[in-house]
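Asks: generate coordinates for the sequence data below:
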Amino acid sequence: MAVDELDTRILRLLIEQPRTSVREYARVLGVARGTVQARIDRLERDGVITATGPVLSPAALGHPVLAFVHVEVTQGHLDEVGDALAAVPEIVEAFSITGGGDLLTRVVARDAGHLEDVIQRLIQLPGVVRTRTEIALRERVPHRMLPLVESMSRGGGAERRPGGR
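Replies: Prediction:
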């Protein structure tokens, strides 16, 4: 979906000031409240805005260890293993991937021993062949979307057509 400058300005406000009212966004942007609300509604409907809840810190919740666990799965069991991963609360994300492994999970833990316990649970799941774990040392670039959105509104993310303009 293409975003224009006003969409980008609205998204910036939503990211930087998530508890502000639509009326206040409209005042800051210098546009009508109805315009801002209609844009937000469209961005939600088009799937650009997917959530409005708080972002939680696993570390602040007592799980400061972050690891990426690659999971190799027996052929034909990807869906079953994926469903089983959803039952492990320490797995905060999981993706099907190409390359070395079938699934990549983001796992949080209280400490190294707890991480080992989680990995042992994964290894025991039916259909899991093996795992490979990488522990994150420090976050270098936090999860972010605003630079991407801003590059798109400047034309940096526009689709290029072969031989076209």
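
Asks: which residue is the nearest non-sequential neighbour of His63?
Replies: Closest residue in space to His63, ignoring its immediate chain neighbours: Val108 at 4.0 Å, by Cβ to Cβ, 6 or more residues apart in numbering. Backbone N, C-alpha and C define where each C-beta goes, glycine included.

Asks: what about the strands in this structure?
Replies: Per DSSP state E, the chain carries strands over the ranges 65-73, 91-96, 103-109, 128-135.

Asks: okay, the ones you listed in TSV with mean pLDDT next?
Replies: Compiled in TSV, the strands of the chain are given as follows (pLDDT from 0 to 100):
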stretch	mean pLDDT
strand 65-73	98
strand 91-96	98
strand 103-109	98
strand 128-135	97
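
Asks: of the ones you listed, which is nearest Thr35?
Replies: Taking Cβ to Cβ, strand 91-96 is the member of the strands of the chain nearest to Thr35, at 34.8 Å.

Asks: the closest one pairs with which strands, and in what direction?
Replies: Here strand 91-96 has these sheet partners by DSSP bridges: strand 103-109 (antiparallel).

Asks: CA atoms only for the strand it pairs with - export them in CSV, please.
Replies: Extracted in CSV, the C-alpha atoms of strand 103-109 (Å, rounded to 0.1, in the frame of the first residue of the first chain):
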residue,chain,number,x,y,z
LEU,A,103,11.5,-22.6,11.8
LEU,A,104,13.2,-19.6,13.5
THR,A,105,11.9,-18.8,16.9
ARG,A,106,12.6,-15.9,19.2
VAL,A,107,12.8,-17.2,22.8
VAL,A,108,13.0,-15.3,26.0
ALA,A,109,14.2,-16.7,29.3
